[in-house]
Structures are given as structure tokens and as C-alpha cells.
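Peer 1: With the sequence up front, the predicted model follows.
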Amino acid sequence: MNDLHFAQPGWVHGLWGVLVLMVVLWVLERRSGHVLLRFIAAGLQGSLVRGIHPLRRWLRLVFLLASLVCLTIALMRPQWGVHWVTAPRSGAEIMVCLDVSKSMLAEDVAPNRLERAKAELRDLLPYLRGSQLGLIVFSGRATVLSPLTPDFGFFRLALDQAGVHSVSRGGTRLEEPIRKAIAGFGSGGELSRSILLITDGEDQDSFPLEAAKEAAKRGIRILAIGFGAEAGSEIVMTDHKTGVRSVLKDQADNVVKSRLDGHLLREIALITEGAYIPAGVGVLDLKAIYDRHIAALTRGMADGTRQTIQNDAFQWAVLLGLFFLLAAVLTNFQVRQQGVWLLVLGMLIVPGVTRAGEGPGTDATAKEATRKPREDFNLGLENVGEKKFDAAQSLLVSARDRAGTDAELRFRATYDLGWVEAGRAGAKLEADPKEALACLNRAAAWFREAVSLRPDHEESRYNLEVVLGKAMALADRLAASSKGDIAVRLEGLVQAQRGFLEEVGRVVEGLDKKAGESGEMDPGVRQAFRDLSARQLEIVSQGEELGGMAGLELENIRKKGEKERTPEEGMRLQRLGLLQDDLFQARERMGQGRSALRSYHGGRAFRKGAAALAQLKRARERLLELPARLDALMGDGLELERFTVMGPALAAAKENIPPWLTP
């Protein structure tokens with residue numbers, strides 16, 4: 001690490017020029033002595049000529065040679081030792097999520113919505129210099145065309161290739177591109193992270209608000225730009241081969257209308273403290289949009305990149321070269337004149353040394369840079385002793401990340417981070433056992449990494465076994481207490497969805513009566529649809545929480561291994577796996593119902609909600625034994641009888657059957 005080396009070794013060939021120059025000077029010096037002998041005898045030169053002693057003339061040549069050699073060595077840039085410099089990086093990370101569904105081919109904007117959006121993005125690039133950009137295209141699915149990169153040329157190439165062909169599945173699902181954008185961001189630093197969401201359609205059967213909440217937790221802001229009209233419009237496209245303009249239709253030969261869900265995009269932007277820009281069918285004012293919305297989101301400071309910088313030592317070679325050069329000059333003067341030149345030499349050397357001591361790449365700075373991680377480590381240990389686990393974790397992580405080549409520091413910081421999580425688990429064991437279990441799992445991960453860094457460290461292995469044992473025991477205790485909780489909460493979820501369906505039925509039936517009288521939808525009914533959409537979202541959130549509980553119990557059972565599991569645990573493992581699948585499908589149906597409610601399609605919302613209820617009942621049956629399952633079926637039968645008690649009356653008067661109820 002501290003070996004001497006040269007950054008510009010090619011200048012070593014300059015020494016040949018120095019050698020040639022010295023030979024020439026030596027020859028000239030010899031010739032000058034012979035010329036003087038032609039005019040004045042050697043015995044008379046001392047009394048007739050005021051000159052310099054021959055020894056001093058040869059010393060002048062030696063000093064000049066040494067000066068040139070030192071200056072040549074300085075040109076070779078000798079380096080000795082290293083220091084570390086953290087160079088901060090300013091700017092932002094921006095993930096562009098571009099809708100490439102077929103509706104983006106609508107020609108209400110010239111040449112079409114997709115090409116217009118791509119052109120706007122190209123024009124926006126000059127304003128984003130210093131930032132990193134990524135590109136995700138989406139329709140029914142999402143595909144990453146460009147990860148985060150500071151290379152705008154690569155980003156522009158990926159943008160040019162983006163099109164409807166980039167994603168095979170049609171439709172518009174906003175959740176997946178947001179989640180992929182979140183996963184594509186790096187970690188660390190205070191860098192602003194933003195998602196630029198460009199779309200023209202309403203979301204279909206996904207959960208973008210939940211993805212937006214996840215982005216908000218990560219400090220990611222979403223800037224949503226909506227193309228098209230919220231009232232909906234037909235999609236007119238031109239066949240490039242024939243030039244014929246036609247309206248886009250679906251497989252059933254129905255005209256496809258693109259409807260911008262501005263309300264949803266506003267919610268996404270509000271959740272993440274971003275902004276929503278309704279672009280409509282006009283041209284975007286990029287400068288105004290950047291100044292008003294994007295500039296505020298792209299100010300930040302990224303984590304600095306740590307660089308190892310070699311300590312330059314050419315200053316000493318330059319100093320020696322100047323010293324020998326001045327000595328060569330002084331040999332031409334008498335003793336009285338030499339004192340003046342020595343004073344000038346001192347004035348030149350002292351300020352130079354002072355400035356070198358005060359400059360940034362000194363030994364003091366290098367020592368401070370190498371000491372600081374160990375100082376953080378020591379402060380972290382003090383905080384562990386005082387049970388200030390958050391501060392200790394921050395200091396130990398800092399010491400570990402900046403350990404550089406200090407393997408001992410990296411290992412010790414990793415090992416003590418395991419103790420931090422173990423201490424945190426002990427503090428939360430009684431108040432929040434679930435969080436304590438998560439802390440134990442993180443402690444096991446740190447100890448496992450410590451073992452990988454130093455396999456022969458017995459304490460790391462022992463602590464890993466102890467932490468895993470405690471985590472297993474706590475997981476068993478939580479699983480035993482949550483078995484009943486899952487069943488009870490699932491039953492509550494079934495009842496909540498059933499009550500929701502009853503409310504949807506009442507609202508839609510009232511809507512049919514009012515529509516028959518006036519032909520228009522009452523504003524109160526619109527509000528009722530929005531309230532039902534919010535209520536369905538609450539049930540979806542309860543289902544996600546229940547799925548998380550089941551997933552935690554599943555993970556704990558899987559950790560035991562097949563040989564250690566009891567037959568009951570093996571059966572429980574299968575049931576919980578099927579339960580999670582049923583809950584996922586139920587949430588999908590609920591999401592589809594919410595989309596229908598936002599579009600005021602009550603009949604479709606009722607059918608999707610009924611399908612979700614059926615999935616929840618199937619999930620409930622997974623956890624029940626046979627007698628309890630029969631009781632549940634009988635209860636559902638009685639409930640069905642209550643719903644269908646008016647079946648004969650409806651059969652006698654089919655004209656009164658509401659359109660949302662399928663006979």
C-alpha cells in the first residue's frame with residue numbers, strides 16, 4: 001500500500017537528454033579553459049583574470065546535473081502512500097414508466113400519443129443533466145428497457161426502441177411498473193428518487209395505490225402525466241400499409257374507449273407527495289412542467305463514491321531541484337553575494353513548505369480518513385453498552401461500509417451488528433413479539449455473515465446457533481397463538497365481504513329505479529359508488545394483512561425442515577399454501593370490482609365481489625376440519641336461501657329483474 005511508484009514513468013527517458021546536455025556542457029567547459037590558455041599563461045591567469053576557481057566550476061556542473069535529474073523525477077510524479085476521498089454526487093434518480101398499450105396509438109395527438117410522449121421525453125433530457133434515468137414500459141405487464149444509468153445516449157436508444165411490441169400482454173396495469181421502479185432504485189444517500197408515470201388509460205385489476213404507499217415509505221415521489229380525456233374517447237389509428245383510418249375494436253367487435261382515470265392518478269401523486277399533470281390532448285409545456293414539478297423532485301445529494309487517492313511526492317523532487325539549481329547559481333558569485341542569495345532561497349522554501357502542510361492531501365488528512373471508521377466503531381460499542389441500539393446501528397454500519405482494506409474492522413462491525421439486533425429483540429420481546437422475531441432473524445443474518453467473513457471464529461457460530469434457537473422458539477409460540485387468529489380474522493373477512501355485497505346490491509337496485517325515472521345518475525349515487533370503492537379497499541387491506549400472517553407462519557414451519565416437522569405441521573403447511581393462493585385470487589377479484597365501481601358499473605362490481613366472496617369461503621374451508629366445514633356449508637346454505645326466497649316472484653315478473661342480477 002505504501003510502496004513508491006511513479007504515475008508517469010515515461011518521463012524517465014528524459015534522463016537521456018539530461019545526460020547529453022551534461023556532456024555538452026562538460027565539453028564546452030573544457031574548451032573554454034583551452035581558449036584562455038592560448039592568450040594568457042597559466043601562471044599569469046590568477047593575477048590578470050578575475051575568474052572562478054576550477055573546482056567551483058565543476059561543482060556548478062554537478063549541481064546543475066542534480067537539479068535536472070530531480071526535475072525529471074518530479075515529471076515522473078512519484079507517489080508514496082494513499083488517502084481516501086469521498087466525492088459526493090448530486091442529481092437525482094428518475095424511473096420513467098411509459099404506457100405502451102394500444103390506446104397510446106390514438107392519433108388525437110400528432111403523430112400519436114406514444115410518439116408524442118417519446119418526443120416530449122427526448123426534449124426533457126437536457127433539463128435532467130447530472131441525473132440517472134431508467135425506462136420501464138408497461139401495458140398488461142411491465143418490462144425494464146433501461147436500468148438506472150447516467151448515460152443518456154443509452155437511455156435515448158432504449159426510448160427509441162420502445163413500442164407496443166415491447167410488451168406482449170395488452171391492457172393497463174399500473175401496479176407492476178411502480179413496483180419494478182421501486183426495485184430498480186439503489187439504496188443509501190439523500191438522493192431524490194422520482195417515478196415519472198406517463199399513461200392514458202385507467203387501471204385494470206391491479207393495486208396501484210398499495211404500490212404508491214410502498215413508494216412513499218421509501219421516500220420515492222411519483223409524478224403522473226395523464227394523456228387523453230377523463231370522459232373517454234375512441235381510439236382512431238391509421239394503417240401504415242394502406243393509410244386507412246379505423247376505430248380500434250375489441251375481440252367482440254365493440255368500440256374500445258380510452259378513459260383517463262385522473263382521480264386515481266391524483267391519489268397516487270398525493271400519497272407520494274408528488275404531482276399530477278393532466279396533459280389532455282394538447283402539447284406539454286416542458287419548461288413550465290420542469291420548473292414547477294420536476295425541479296423540486298430532482299434536488300438531492302447521492303452517496304459519495306469512495307476513491308483511493310495516491311499521495312503525490314513530486315513536491316519534494318521539485319524542492320530539491322530548485323535547491324540544486326540555486327546552488328549552481330551561487331557558485332558563480334563571491335562570498336559576499338552568496339549571503340543575499342541564501343536569504344532569497346529561504347524566502348522561497350519556507351512559504352512553500354507551509355502551503356504544503358496546509359493543503360488537502362497531507363498526511364494529517366490521510367490519517368484522519370483512516371482513523372474515522374474506527375472512531376465510529378468505538379462510539380457504536382459505547383452506544384450498545386448504553387442500549388442506544390439505533391445510534392449504535394448507524395455508527396457500526398458506517399464503520400463497516402468504510403472499512404476499506406481493514407478486514408478486522410469489517411468483521412468486528414458485522415459481528416457487533418448481530419449483537420445490536422439481538423439486544424433490540426430482547427427489548428421488544430414482551431411488547432412486540434413479532435418485531436422481536438424480525439430482529440432475531442436480522443441478528444442471525446449478521447452472525448451468518450460474520451461466519452462467512454471468518455469461518456474459524458467460534459463465538460460467531462455459537463451466537464448464530466443461539467439466535468436461531470430463540471427465533472425458532474418464538475416463531476413456534478407466535479404460530480401457536482396465530483392459528484386461531486387466522487381463522488377468526490378470515491371469518492370476519494368473509495362476513496365483511498358479504499355485507500359489502502349486500503350494500504352493492506341495494507345501491508344498484510336503487511340506481512335501476514332512478515335510472516328508469518330520470519335516465520340520469522344521481523350525484524348521491526356517484527358518491528355511494530365512491531364510498532363502496534373505499535370500503536372494498538379496506539377489505540383488500542385486511543386480506544393483505546391476513547396473507548402476511550399466513551406467510552409468517554408458513555416461513556416458520558419451513559425453517560424446521562421436513563424431518564423435524566410433525567404430521568400436523570406438514571398438513572398445516574399445505575393448507576396455508578392453498579390459503580394464500582385463495583386470498584390472492586380473492587384480492588384480484590376485489591380489485592376488479594373496485595375498478596368497476598370507479599367506472600360506475602354496479603353489475604360488474606357485484607359479480608366480481610361475489611367471485612371474491614367465493615374465494616374467501618374456499619380459503620376458510622382450507623383451515624376447517626370436516627365437521628366444522630359441514631357446519632360452514634350449512635350456514636352458507638341458509639344464507640343463500642335468504643337471498644333466493646323471492647325467486648318464484650322474480651320468475652313470475654322477469655321484467656322487474658334488475659340488470660345486475662343474472663337470472
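Peer 2: The structure has been received and is ready for your questions. Numbering: from 1, shown residues only.

Peer 1: Please point out which parts of stretch 537-554 sit buried.
Peer 2: 537, 539-540, 542-543, 546-547, 549-550, 552-554 (16 or more other C-beta atoms under 10 Å). No exception for glycine: its C-beta is placed from N, CA and C like everyone else's.

Peer 1: From the chain's centroid, how far away is stretch 144-161?
Peer 2: 17 Å (C-alpha atoms, centre = their mean, to the nearest Å).

Peer 1: about what we covered before: could I get the buried residues of stretch 537-554 as TSV with distance to residue 266 and secondary structure?
Peer 2: Putting the buried residues of stretch 537-554 into TSV (distance: C-beta to C-beta, whole Å; DSSP: H, G, I helix; E, B strand; the rest coil) gives the following:
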residue	distance to residue 266	secondary structure
537	15	helix
539	23	helix
540	20	helix
542	25	helix
543	25	helix
546	29	helix
547	28	helix
549	32	helix
550	34	helix
552	34	helix
553	38	helix
554	37	helix
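
Peer 1: and of these, the nearest to residue 8?
Peer 2: Of all the buried residues of stretch 537-554, residue 8 sits closest to residue 552, with 61.0 Å by C-beta to C-beta.

Peer 1: I'd guessed the closest one sits against residue 478; true?
Peer 2: Yes. Between residue 552 and residue 478 there is a contact under C-beta atoms under 8 Å: 7.3 Å.

Peer 1: Report the set of residues contacting both of the two.
Peer 2: Counting by C-beta atoms under 8 Å, 6 or more residues apart in numbering, the contacts common to residue 552 and residue 478 are residue 434.

Peer 1: for the lengthiest helix in the chain, packing partners?
Peer 2: Longest helix in the chain, counting residues (DSSP state H): helix 458-518. Packing partners of helix 458-518 (3 or more C-beta pairs under 8 Å, 6 or more residues apart in numbering; DSSP states H and E): helix 407-428, helix 433-453, helix 523-559, helix 567-598, helix 602-623.

Peer 1: wait, which of those helices is closest to residue 146?
Peer 2: helix 567-598 (29.0 Å).

Peer 1: For the residue nearest in space to the middle of the chain, which non-adjacent residue is spatially closest?
Peer 2: Nearest residue to the geometric centre of the chain (C-alpha atoms, centre = their mean): residue 185, 2.0 Å. Spatial nearest neighbour of residue 185, chain neighbours left out: residue 193 (5.1 Å); criterion: C-beta to C-beta, 6 or more residues apart in numbering.

Peer 1: I'd like to know which elements the helix or strand hosting residue 278 is packed against.
Peer 2: Taking DSSP states H and E as the definition, residue 278 sits inside strand 275-280. In terms of contacts (3+ C-beta pairs under 8 Å, 6+ apart), strand 275-280 is packed against strand 220-227, helix 262-271.

Peer 1: can you count the residues close to the closest residue in space to residue 547 that isn't next to it in sequence?
Peer 2: Nearest in space to residue 547, with sequence neighbours left out and distances taken as C-beta to C-beta, 6+ apart, is residue 583 at 4.7 Å. Other residues lying near residue 583 total 25 when counted by other C-beta atoms under 10 Å.

Peer 1: Settle this for me: residue 583 is touching residue 546, isn't it.
Peer 2: Yes. Shown here, residue 583 and residue 546 form a contact pair, counting by C-beta under 8 Å, at 6.4 Å.

Peer 1: which residue ranges form the strands in the stretch 201-350 of the chain?
Peer 2: 220-227, 233-234, 236-238, 245-247, 257-258, 275-280, 301-312 (DSSP state E, counting those that start in this stretch).
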